[in-house]
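# Dropping a prediction and its sequence here:
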Amino acid sequence: MIVDVRTYTAFPGKLPGYLAEYPVDAFEVQKRHLGNPLGYYVTDVGVVNTVTHLWGYKDIADRQARRDALQADSAWQAWVAKSAGRFASQANQIFKPAPFWPAPGQPSGGYGLVDFRLYTAFHGKTGDFVKIYHQLGWQVQLKHLGNCLGWYVADIGGLNQVLHLWGYKDAADRAQRRAALNADPAWGEYLKAATPCLARMENQLLVNAPYFKP
């Protein structure tokens with residue numbers, strides 16, 4: 001499996017129109033060719049006026065075939081023409097699941113806030129970081145945070161990166177769960193081992209797009 005993570009940033013004032021028109025004109029067309037998205041979010045805290053959507057495929061060939069069919073659909077072509085000029089930037093990146101993902105027992109919905117975390121490792125250290133995390137951090141983080149929505153390693157695009165997403169009821173739930181995580185001595189031991197592998201850590205808080213029902 002691969003995951004296509006797409007991030008579109010609209011010009012100021014243009015996002016509300018997109019969020020209103022996309023589910024009417026384009027969402028069903030896109031799902032007909034690509035299947036249901038793994039996630040479709042709007043930034044709440046982070047880069048404003050941004051939508052982030054994740055699409056899963058069997059492999060690169062499956063992605064290419066599905067996207068070729070989408071681009072050939074006249075309804076999609078009409079949407080692309082209609083929506084032109086809304087976005088200041090559009091970016092995408094291909095990820096593969098980490099060796100321990102998917103994990104059994106993780107919910108697919110019931111969350112109101114998504115913590116989208118992108119970490120960049122030093123060159124040559126991505127494998128070490130993933131191994132350390134799996135051995136020392138994964139079960140501790142699951143214990144306190146739960147609701148992991150995906151854990152991926154970059155394959156095409158920005159290299160030496162991992163992406164993980166965590167679902168929460170709201171900001172208060174996130175703060176409470178993360179406080180418990182940070183107070184756990186086992187998490188402190190993991191941080192001592194893992195942080196030397198990392199060059200950069202970023203996160204954004206996202207909410208479900210109005211038309212996305214996980």
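Here it is on my side, so go on.
# centre of the chain versus stretch 22-33, how much separation?
20 Å (Cα atoms, centre = their mean, to the nearest Å).
# list the buried ones in that stretch?
Tyr22, Ala26, Phe27, Val29, Gln30, His33 (16 or more other Cβ atoms under 10 Å). Where C-beta positions appear, they are placed from N, C-alpha and C, glycine not excepted.
# And for stretch 175-193?
By neighbour count on 16+ other Cβ under 10 Å, the buried set for stretch 175-193 is Arg177, Arg178, Leu181, Trp187, Tyr190.
# Of all pairs in the residues you listed, which one is the farthest apart?
Within the buried residues of stretch 175-193, Arg177 and Tyr190 form the most distant pair, 16.1 Å apart (Cβ to Cβ).
# that older thread, of the buried residues of stretch 175-193, which belong to helices?
Among the buried residues of stretch 175-193, the members found in helices (DSSP state H) are Arg177, Arg178, Leu181, Trp187, Tyr190.
# Which one of the residues you listed is nearest to Leu142?
For these, the minimum distance to Leu142 (Cβ to Cβ) is 10.0 Å, reached by Leu181.
# got the ones in helices among the buried residues of stretch 175-193 as a markdown table, with pLDDT and distance to Gly150 columns?
Formatted as a markdown table, those follow (pLDDT from 0 to 100; distance: Cβ to Cβ, whole Å):
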| residue | pLDDT | distance to Gly150 |
| --- | --- | --- |
| Arg177 | 97 | 17 |
| Arg178 | 98 | 18 |
| Leu181 | 98 | 18 |
| Trp187 | 98 | 20 |
| Tyr190 | 98 | 20 |
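# on that earlier part again, ok, the buried residues of stretch 175-193 vs Pro214, which is closest?
Arg177 (18.8 Å).
# Now do the contacts for the closest residue to the closest one other than its chain neighbours.
Nearest non-adjacent residue to Arg177, counting by Cβ to Cβ, 6 or more residues apart in numbering: Leu145, 5.1 Å away. Residues near Leu145 by Cβ atoms under 8 Å, 6 or more residues apart in numbering: Trp166, Arg177, Arg178, Leu181.
# care to break the chain down by domain?
What the record gives for the chain is the domain set 2-95, 98-208, from automatic domain parsing.
# Tabulate those domains in TSV, adding columns for distance to Pro214.
Compiled in TSV, the domains of the chain are given as follows (distance: least, Cβ to Cβ, whole Å):
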stretch	distance to Pro214
domain 2-95	7
domain 98-208	4
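# Give me the distance between Gly35 and Phe212.
13 Å (Cβ to Cβ, to the nearest Å).
# if we can go back for a sec, quick check: the farthest pair among the buried residues of stretch 22-33?
It's Tyr22 and His33 that sit farthest apart of the buried residues of stretch 22-33, by Cβ to Cβ, at 15.0 Å.
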